[in-house]
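In: Here is the input, now give the coordinates:
(one chain, ligands or ions: 1)
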Amino acid sequence: MAMIKKVGVIGSGQMGNGIAHVAALAGFDVALNDLSADRLKSALATINGNLSRQVAKKVITEEVRNQALGRIVPTDSIDGLADCDLVIESAVEKEEVKRKIFHDLCVVLKADAVIASNTSSISITRLAATTDRPERFIGIHFMNPVPLMELVELIRGIATDDSTFEAAKEFVGRLGKQVAVSEDFPAFIVNRILLPMINEAIYTLYEGVGNVEAIDAAMKLGAHHPMGPLELADFIGLDTCLSIMQVLHEGLADSKYRPCPLLVKYVEAGWLGRKTQRGFYDYRGPKPIPTR
Ligand code: NAD
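Out: Numbers count the residues shown, from 1 in each chain. A predicted model of the protein is given here:
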């Protein structure tokens with residue numbers, strides 16, 4: 001397997017821009033792809049802001065920030081990823097969207113490149129099977145926020161070969177992150193444990209056991225969680241939370257993973273958490289206000 005030098009990232013949302021950020025800081029050339037120039041512009045502004053924050057905290061120097069920014073090339077066409085050694089797909093958590101992306105990507109991407117998905121929950125084996133290179137396909141699952149979280153899960157599909165696994169492991173090591181290896185079962189390790197906890201917090205709200213403030217305070221002060229579960233759900237994105245619960249529910253066929261109807265309701269309303277400024281909290285004012 002050739003050395004990874006250039007990394008493509010598909011989807012420049014909260015995860016994709018974080019992956020581009022850490023890859024560029026680690027010295028990789030990055031091609032960042034999204035559907036429109038406007039989305040890419042706002043992703044680059046976010047990366048710029050996050051790098052500046054690291055400069056202010058003296059984590060990196062101004063020179064390192066400028067070098068990292070210089071390594072990221074935005075592209076609204078998938079053709080811009082053709083010469084990447086590794087492409088990490090981090091678009092929305094919808095299987096049909098990811099399938100279409102992989103179909104279009106395989107037409108242009110060089111034959112020996114590795115394809116990875118940052119999916120939170122979809123089967124790596126099934127995604128790999130939609131490509132022309134299941135043996136060079138792997139799950140590289142980052143945690144949010146990418147620049148701060150130490151862990152990356154690596155998930156082999158049934159056909160993933162050893163050289164692909166080793167290349168992905170080396171890549172994650174060069175980002176300065178730790179690897180946890182997960183088997184390819186719904187939602188892998190972190191989300192298999194975390195999302196049912198968040199879903200249960202939403203049931204606790206739905207059944208009126210506590211309000212938003214009480215539930216979050218209970219878990220912060222009573223279990224020493226750095227964020228309350230509802231605050232965390234808003235941070236992850238309620239659409240992403242719902243997709244993961246649906247994958248667990250369908251994939252494991254166990255009613256204990258039934259998505260809470262209140263979570264469904266918030267997603268139907270388009271109240272997706274921080275990214276839409278409203279979820280279990282309303283973020284439009286100076287301070288988040290609980291919405292229930
Ligand atoms: P997001 O909604 O912030 O961003 C998704 C981006 O993908 C958007 O910018 C959108 O324009 C873009 N996109 C959609 N279709 C595309 C296409 N066909 N081609 C190129 N770009 C396209 O979502 P996110 O939170 O960044 O999640 C992205 C992926 O990362 C999902 O698979 C999610 O499950 C996974 N993930 C999310 C988290 C989290 O905490 N949010 C954590 C780990 C992994």
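In: The helix-or-strand element of the chain with minimal mean pLDDT close to the ligand?
Out: When the helices and strands of the chain are scored by mean pLDDT, DSSP states H and E, helix 238-252 comes last with a mean of 94. Yes: judged by C-beta under 6 Å from any ligand atom, helix 238-252 comes into contact with the ligand at Thr240. All C-beta atoms are positioned from the backbone trio N, CA, C, and that covers glycine.
In: Centre of the chain to that helix, how far?
Out: Computed by C-alpha atoms, centre = their mean, to the nearest Å, the chain-centroid distance of helix 238-252 equals 14 Å.
In: by contact count, what packs against that helix?
Out: helix 190-206, helix 261-269 (3 or more C-beta pairs under 8 Å, 6 or more residues apart in numbering; DSSP states H and E).
In: Those residues of the stretch 1-150 of the chain touching the ligand, which are they?
Out: 10-16, 33-35, 39, 90-93, 97, 101, 118-120, 141-142, 144.
In: Restricted to helices, list these.
Out: Gln14, Met15, Gly16, Arg39, Val97, Ile101 (DSSP state H).
In: Please identify the helix or strand for Asn66.
Out: Assigned by DSSP states H and E, Asn66 belongs to helix 62-71.
In: same question but for Leu44, I mixed them up
Out: Judged by DSSP H and E, Leu44 forms part of helix 37-56.
In: List the buried residues in that helix.
Out: Within helix 37-56, the residues scored as buried using 16 or more other C-beta atoms under 10 Å are Arg39, Leu40, Ala43, Leu44, Thr46, Ile47, Asn48, Asn50, Leu51, Gln54.
In: Setting aside sequence neighbours, what's the nearest residue to the second one?
Out: With C-beta to C-beta, 6 or more residues apart in numbering as the measure, Pro74 is the residue that lies nearest to Leu40, at 3.9 Å, once sequence neighbours are left out.
In: Look up phi and psi at Ile289.
Out: When quoted as degrees, to the nearest 10, the phi and psi of Ile289 stand at phi -120, psi 130.
In: Tell me the spacing between it and Gly270.
Out: Here Ile289 is placed at a distance of 18 Å from Gly270 (C-beta to C-beta, to the nearest Å).
In: Which single residue in the stretch 151-292 of the chain comes nearest to the ligand?
Out: Nearest residue of the stretch 151-292 of the chain to the ligand: Ile236, at 4.0 Å (C-beta to the nearest ligand atom).
In: Which neighbouring residues are in contact with whichever residue of the chain sits closest to the ligand, exactly?
Out: Distance from the ligand to each residue of the chain (C-beta to the nearest ligand atom) is smallest for Gly13, at 1.7 Å. Going by C-beta atoms under 8 Å, 6 or more residues apart in numbering, Gly13 touches Asp34, Ala43, Ser90, Ala91, Val92, Lys275.
In: re earlier: if you count surrounding residues, which of Ile289 and Gly270 has more?
Out: Ile289 (13 against 10; other C-beta atoms under 10 Å).
In: beta partners of the residue nearest to the more buried one when sequence neighbours are not counted?
Out: Leaving aside its chain neighbours, Ile289 sits nearest to Asp282 (4.7 Å; criterion: C-beta to C-beta, 6+ apart). For Asp282, the beta-bridge partners under DSSP bridges are Arg278, Ile289.
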